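J.: give me coordinates for this.
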Amino acid sequence: MYRYLTIFSLLIFIGCTDTKKQSITNSAQWNQPYQAISKLGDTLYSTTPSEKLLKRYSAKKKAFEDNPNLENTIWHGRFTAYTGDYREAIEMYTNALEKFPNQSRLLRHRGHRYISVREFDKAIADLEQAAQLIKGKENKVEEDGMPNVQGIPVSTMHGNIYYHLGLAHYLAGNDREAINAYEKCLATSPSPDNVVSAVHWLYTINCQMGNTKKANTYLQQIDPSMSVIENEAYLKACLLYKGLLQAEELLEKSEDSPSNSALAYGVANYLLCQGDTDAAHTIFKDIVSGTDWASFGYIAAEVDLATKF
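T.: Now for the predicted structure:
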């Protein structure tokens, strides 16, 4: 997708985007209804999950059926979402909240999946409530559903609530609320992976607001030697913002993935803030021609195309 060797080639519009989009959203479906309507009007379906993922999902489902306690309920919902059935996961969390009311973990995960299906106001409501419920509570490390290569969780429960709350506000156009949430995210989870992801969004939002000086202050926390485990894309984006990497070298990739979409989105917004609207527009269009429509970079590019061009 992003095989651009120079900034000039970024200006080449990819004319087949709409056709490719139709093939992605209307073929390769498995036995699920549509999951969302994009902000560009496309109907979004999930593709068939891998056999390995389906086996893990089946194990979580059986554990839940054997003992529908809170922990098994959460994991059943998480893996339902990993298979691409975000609507079903949302329904699971909704039913669980009747059994386990005011449970911040259920609200955190339902809020995340409301983002996936483009229902940002509902995501904000859930995550704001979760943020209230965790006040004064222990900030525990949150186990990864899809572990990184080192098998080391890199985020906390509080950090994840504020991270997703910041994203939901940003996607809904609430920039100041998004900044507030991401600053709380930074304060609650000091791991390098969390720092680079939160700083990326704080820089992006402030740049879009015209607060370049403020945006640059967050970059003081970024160093090329940071020991990042899974958020390498965000680290590279932050190094671009600091002037330590160039846009051209960051836009080559071979396949769709959330990390590649995140990096491409960061580059596009950097170019947009530099005044290169045409290049940014081209990258946004390229991102949404891909398949990873539930990734945050994809959703953000989709929203920008719908609201800024």
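J.: make it CA atoms for all contacts and neighbour counts henceforth
T.: OK.
J.: where's residue 285, which helix or strand?
T.: For residue 285, the enclosing helix or strand under DSSP states H and E is helix 277-287.
J.: next helix or strand past that helix?
T.: Per DSSP H and E, helix 277-287 leads on to helix 296-308 as the next helix or strand towards the C-terminus.
J.: send me that next one as PDB with only the CA atoms.
T.: Included here for helix 296-308 are C-alpha records, laid out as PDB according to Å, rounded to 0.1, in the frame of the first residue of the first chain:
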ATOM      1  CA  PHE A 296      -7.200   3.100  15.000                       C
ATOM      2  CA  GLY A 297      -5.100   4.500  12.200                       C
ATOM      3  CA  TYR A 298      -7.700   3.400   9.600                       C
ATOM      4  CA  ILE A 299     -10.600   4.800  11.700                       C
ATOM      5  CA  ALA A 300      -8.800   8.100  12.200                       C
ATOM      6  CA  ALA A 301      -8.000   8.400   8.500                       C
ATOM      7  CA  GLU A 302     -11.600   7.700   7.600                       C
ATOM      8  CA  VAL A 303     -12.800  10.400  10.000                       C
ATOM      9  CA  ASP A 304     -10.400  12.900   8.600                       C
ATOM     10  CA  LEU A 305     -11.400  12.200   5.000                       C
ATOM     11  CA  ALA A 306     -15.100  12.600   6.000                       C
ATOM     12  CA  THR A 307     -14.600  15.900   7.900                       C
ATOM     13  CA  LYS A 308     -11.500  17.700   6.600                       C
END
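J.: off-centre distance for that helix?
T.: 12 Å (CA atoms, centre = their mean, to the nearest Å).
J.: buried residues in it?
T.: Using 16 or more other CA atoms under 10 Å as the test for burial, helix 296-308 gives 296-305.
J.: those helices in the stretch 101-250 of the chain, which residues are they?
T.: Taking DSSP state H, counting those that start in this stretch, the helices of the stretch 101-250 of the chain run over residues 104-116, 120-133, 157-171, 175-188, 192-208, 212-218, 232-241, 247-250.
J.: between helix 120-133 and the third one, find me the angle.
T.: I take that to be helix 157-171. Counting by axes from the mean of the first three to the mean of the last three CA atoms, to 10 degrees, helix 157-171 lies at 150 degrees to helix 120-133.
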